[in-house]
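Visitor: Need a 3D model of the following:
(one chain, ligands or ions: 1)
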Amino acid sequence: MKRPKLKKASKRMSCAKRFKIQKKIREHHRKVRKEAKKSGIRRKIKKDIGVPNSAPFKEEVLREAEQRKQELEELKEKNRLTKQKERAKKRKKGKEECGEDTRAKKKKVKKEEKVKAQREARAAVAKSKSSNKFRCSELNKVIEASDVILEVLDSRDPMGCRCPQLEEAVLKHEGKKRLLFVLNKIDLVPKDNLQNWVQFLQTQCPTFAFKSSAHLQDRTVLEKKQRAANCIIEQTRAGASFGCDSLLQALNQLANNQSSETMLKVGVVGFPNVGKSSIINTLKGIRACNAGVQPGLTKCMQEVHISKKVKMIDSPPIVTAPSNSGEKLALRSLQVDSKEQSPLDAVKTVLKQCNQQHIMLHYNVPDYRNSLEFLNFFAQKRGLLQKGALPNTEQAATVFLNDWTGAKLSFYSKVPEKEGLPPHLTEAMVTEMQTSIELDQLKMANEQIIKRVRNPKLSATIVFNSKGLTDGILNVSEIPEEKHTPEEEEEKEEEEDGEDDDDDDDDDDDMLEETEEVEDIEEIETPDPKETQTQKTRNQKKGNANHASVNIDLLAARKNDDDAYDFSTDFV
Ligand SMILES: Nc1nc2c(ncn2[C@@H]2O[C@H](COP(=O)(O)OP(=O)(O)OP(=O)(O)O)[C@@H](O)[C@H]2O)c(=O)[nH]1
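Guide: Reported below is the predicted structural model:
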């Protein structure tokens with residue numbers, strides 16, 4: 001009987017057992033390696049089997065192997081060196097970039113600071129230029145410098161545009177100055193009304209009917225010549241001008257009558273937005289002065305040569321006296337524009353001076369109970385809305401007032417029934433004014449102009465009840481301190497706070513730079529060498545005032561010291 005084969009023992013085992021064995025083996029290997037490391041025995045280096053002696057070209061093979069070894073080592077060394085160099089380069093570049101970055105950052109910060117300071121300085125100069133005191137002093141300079149003064153009157157309310165203080169100052173001036181009226185914007189009033197006004201004003205002062213050109217785009221004489229060469233003629237209603245020739249003729253005549261060889265200087269003065277700059281631009285034929293709807297655009301006096309003998313001087317608007325009634329201030333004062341007076345109130349007074357039917361017809365609005373309701377309608381019509389589609393009455397009021405002093409709205413006031421001279425004029429003054437102007441020639445020229453100018457749409461014309469002459473201020477010391485709007489005051493406080501913070505951080509370099517910038521500002525404000533003696537004395541006075549203010553400050557500081565809390569004493 002065949003013995004059954006013995007079954008071979010199976011190698012199968014449980015996974016746990018297998019893993020355990022594997023782990024043990026790993027641990028054992030690790031232990032061996034560790035000990036080998038400790039005793040300094042390295043891993044077995046593979047033995048170079050070398051070249052057997054039986055090889056036919058043993059020596060050559062060995063030489064070749066040696067050469068390859070050397071080449072490899074050289075290559076390795078080369079790579080190592082290039083890598084080292086690259087790393088050094090990178091490090092250097094990084095350092096440079098870092099240095100450049102910080103330097104560039106510092107430069108940028110300094111530049112920004114400088115620009116900020118310059119901007120602030122410019123803003124301060126602009127602010128001082130838009131102050132009433134500056135305007136008044138510039139106007140005085142214009143009057144001083146001029147031989148002839150053109151008082152510009154808006155044809156829609158000529159009486160309201162007359163300033164008795166200015167007329168008196170010109171006529172009573174020691175330098176014997178001439179006063180002429182220019183009745184501007186004649187295209188916005190009905191012809192018969194214009195005729196009446198020219199006749200009325202002519203009895204007091206030579207009056208020139210005028211319509212300025214509104215479309216003067218070119219700023220240089222070259223552009224003007226090119227336009228003329230291209231035969232581009234202003235044929236639009238707004239682009240046309242009337243009265244240029246008669247005014248230029250009269251001025252040339254006055255220049256010829258002058259005993260001296262000097263040019264005739266003609267100062268152009270008047271209340272805001274009456275068209276002073278536009279008249280000069282029209283006479284010159286180019287846009288030499290800044291003109292626009294915004295009242296008070298002209299900030300400083302500006303000379304413009306009209307011909308070889310005549311030079312015009314543009315001036316900032318006359319400063320209205322606060323003693324004027326609200327009706328007068330509404331259209332003639334810059335305070336309304338600068339929000340010192342509420343535009344809503346100004347609109348209210350203007351509406352009161354007009355016929356409601358005319359307003360409704362002109363603006364195409366329904367019957368309104370008060371000015372606010374009217375402004376609501378007006379704002380809706382013009383699309384002046386704020387958040388929630390509510391009418392923006394503030395903005396509407398400003399737009400409405402700009403319309404009334406601007407270039408489009410047609411309204412007129414009636415000539416005063418009472419004839420006679422206003423209290424500041426005398427018969428002698430009037431006859432003096434009328435000499436050296438050929439009145440008959442002027443009358444004829446005015447008639448021609450009135451004939452040629454187009455009548456405005458009578459259905460849209462509003463009758464305006466003028467409140468008469470408007471008082472102005474010519475003495476700088478009489479101008480009241482200007483109120484700052486709440487926003488301006490807030491800005492000022494913020495600026496002061498900011499300055500305080502900056503002061504703490506500033507180093508010596510910055511201090512030096514600041515002093516340099518202050519010098520720049522002074523350069524901007526250095527007075528014109530041509531300044532008159534009176535202006536110089538005024539400046540001297542200004543200097544005294546500065547000293548006084550310093551003293552006051554010091555006294556105040558000392559007083560503050562006295563009042564200061566004494567920390568060394570225990571008051572409890
Ligand atoms: N329709 C019409 N508009 C005119 C006429 N003259 C001036 N204007 C407009 O009236 C506005 C005011 O003109 P400006 O020449 O800037 O007036 P200004 O008196 O120099 O103004 P300030 O800078 O405030 O002194 C502008 O929108 C002109 O286009 C004119 O004869 N007819």
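
Visitor: for residue 411, phi and psi?
Guide: With angles defined as degrees, to the nearest 10, residue 411 sits at phi -150, psi 160.

Visitor: Point out the residues in the stretch 201-350 of the chain that sit beside the ligand.
Guide: With Cβ under 6 Å from any ligand atom as the criterion, the stretch 201-350 of the chain meets the ligand at residues 211-212, 214, 270, 272-278, 291-293, 295-298, 317. In short, each C-beta sits where N, CA and C put it, glycine included.

Visitor: Can you list which of those are found in helices?
Guide: Of those, the ones assigned to helices by DSSP state H are 276, 277, 278.

Visitor: Most neighbours out of those, which is it?
Guide: In terms of neighbour count, residue 276 stands highest of those at 30 neighbours, by other Cβ atoms under 10 Å.

Visitor: returning to what we had before: residue 146: which of the ones in helices among the residues of the stretch 201-350 of the chain next to the ligand is nearest?
Guide: Closest approach between these and residue 146, by Cβ to Cβ: residue 276, at 12.7 Å.

Visitor: which residues sit in contact with the residue nearest to that closest one when sequence neighbours are not counted?
Guide: Spatially, and ignoring its direct neighbours in sequence, residue 276 is nearest to residue 268 (4.5 Å; Cβ to Cβ, 6 or more residues apart in numbering). In this structure, residue 268 makes contact with 150, 152, 182, 276, 277, 279, 280, 312, 313, 314, 315, judged by Cβ atoms under 8 Å, 6 or more residues apart in numbering.

Visitor: got CSV for those residues, with pLDDT, secondary structure and distance to residue 410 too?
Guide: Putting the contacts of residue 268 into CSV (pLDDT from 0 to 100; DSSP: H, G, I helix; E, B strand; the rest coil; distance: Cβ to Cβ, whole Å) gives the following:
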residue, pLDDT, secondary structure, distance to residue 410
150, 94, strand, 24
152, 94, strand, 19
182, 94, strand, 19
276, 93, helix, 21
277, 92, helix, 21
279, 93, helix, 20
280, 93, helix, 24
312, 93, strand, 28
313, 94, strand, 30
314, 93, strand, 26
315, 93, coil, 27
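
Visitor: ok, the residues you listed vs residue 436, which is closest?
Guide: Nearest to residue 436 among the contacts of residue 268: residue 150, at 15.0 Å, using Cβ to Cβ.

Visitor: Show me what the helix or strand that contains residue 359 is packed against.
Guide: Per DSSP states H and E, residue 359 falls inside helix 356-363. The helices and strands touching helix 356-363, judged by 3 or more Cβ pairs under 8 Å, 6 or more residues apart in numbering; DSSP states H and E, are helix 371-382, strand 462-464.

Visitor: isn't residue 442 right up against residue 206?
Guide: Yes: Residue 442 lies in contact with residue 206 (Cβ atoms under 8 Å); the separation is 6.1 Å.

Visitor: which residues does residue 159 contact?
Guide: Listed by Cβ under 8 Å, 6+ apart, the contact set of residue 159 reads 413, 416, 466, 468, 469.

Visitor: isn't the first one right up against residue 154?
Guide: Meaning residue 413. No: between residue 413 and residue 154 there is no contact under Cβ under 8 Å: 9.8 Å.

Visitor: Between these two, which contacts overlap?
Guide: Counting by Cβ under 8 Å, 6+ apart, the shared contacts of residue 413 and residue 154 are residue 160.

Visitor: Tell me who's in contact with the residue lying closest to residue 213 once chain neighbours are set aside.
Guide: Leaving out its chain neighbours, the residue that sits closest to residue 213 by Cβ to Cβ, 6+ apart is residue 241, at 4.0 Å. The contact partners of residue 241, by Cβ under 8 Å, 6+ apart, come to 210, 211, 212, 213, 234, 282.

Visitor: Where do the domain boundaries of this structure fall?
Guide: Following the TED database, the chain resolves into domains at 132-216+237-323+415-456, 326-405.

Visitor: Could you say which one of those comes nearest to residue 29?
Guide: Proximity to residue 29 (Cβ to Cβ) singles out domain 326-405 among those, at 80.7 Å.

Visitor: Show the average pLDDT along the closest one.
Guide: The pLDDT scores in domain 326-405 average 86.

Visitor: Then stretch 57-66?
Guide: Per-residue scores along stretch 57-66 average to 85.

Visitor: one step back: could you single out the nearest of the contacts of residue 268 to residue 389?
Guide: For the contacts of residue 268, the nearest to residue 389 is residue 277 (38.1 Å; Cβ to Cβ).

Visitor: all strands of the stretch 401-550 of the chain, in order?
Guide: For the stretch 401-550 of the chain, strands defined by DSSP state E, counting those that start in this stretch occupy the ranges 411-413, 462-464, 472-473.

Visitor: Distance from the chain centre to the shortest one, please.
Guide: The reference is to strand 472-473. Relative to the centre of its chain, strand 472-473 is centred 27 Å away, using Cα atoms, centre = their mean, to the nearest Å.

Visitor: on that earlier part again, including distance to residue 308, could the ones in helices among the residues of the stretch 201-350 of the chain next to the ligand go into TSV?
Guide: Output for these, formatted as TSV (distance: Cβ to Cβ, whole Å):
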residue	distance to residue 308
276	23
277	22
278	23
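
Visitor: So which of those residues is the closest to residue 55?
Guide: For those, the closest approach to residue 55 (Cβ to Cβ) belongs to residue 277, at 110.2 Å.

Visitor: Was I right to think that closest one contacts residue 298?
Guide: Yes: with contact defined as Cβ under 8 Å, residue 277 and residue 298 form a contacting pair (5.7 Å).

Visitor: what residues do these two have in common as contacts?
Guide: Common neighbours of residue 277 and residue 298 are listed as 289, 290, 314 (criterion: Cβ under 8 Å, 6+ apart).

Visitor: residue contacts, the residue of the stretch 101-250 of the chain found nearest the ligand?
Guide: The minimum distance from the stretch 101-250 of the chain to the ligand, using Cβ to the nearest ligand atom, falls at residue 212 (3.5 Å). Contacts for residue 212 (Cβ under 8 Å, 6+ apart) come out as 184, 185, 241, 275, 278, 279, 281, 282.

Visitor: Report the secondary structure state of residue 322.
Guide: Of the three states, residue 322 takes coil under DSSP: H, G, I helix; E, B strand; the rest coil.

Visitor: per-residue confidence at the nearest residue to it once chain neighbours are set aside?
Guide: Leaving aside its sequence neighbours, residue 322 sits nearest to residue 480 (Cβ to Cβ, 6+ apart; 6.3 Å). With respect to pLDDT, residue 480 scores 76.

Visitor: what about residue 480, distance to residue 443?
Guide: Distance of residue 480 to residue 443, computed by Cβ to Cβ, to the nearest Å: 43 Å.

Visitor: out of those two, which sits in the more crowded spot?
Guide: When residue 480 and residue 443 are compared on other Cβ under 10 Å, the one with more neighbours turns out to be residue 443, at 15 against 10.

Visitor: didn't that one look like it was pressed against residue 206?
Guide: No: under the criterion of Cβ under 8 Å, residue 443 is not in contact with residue 206, lying 9.9 Å apart.

Visitor: Which residue ranges of the stretch 101-250 of the chain form strands?
Guide: Shown for the stretch 101-250 of the chain, the strands assigned by DSSP E, counting those that start in this stretch span residues 148-154, 178-184, 207-209.

Visitor: now those in CSV, with distance to residue 162?
Guide: Shown next, in CSV, are those (distance: least, Cβ to Cβ, whole Å):
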stretch, distance to residue 162
strand 148-154, 6
strand 178-184, 8
strand 207-209, 11
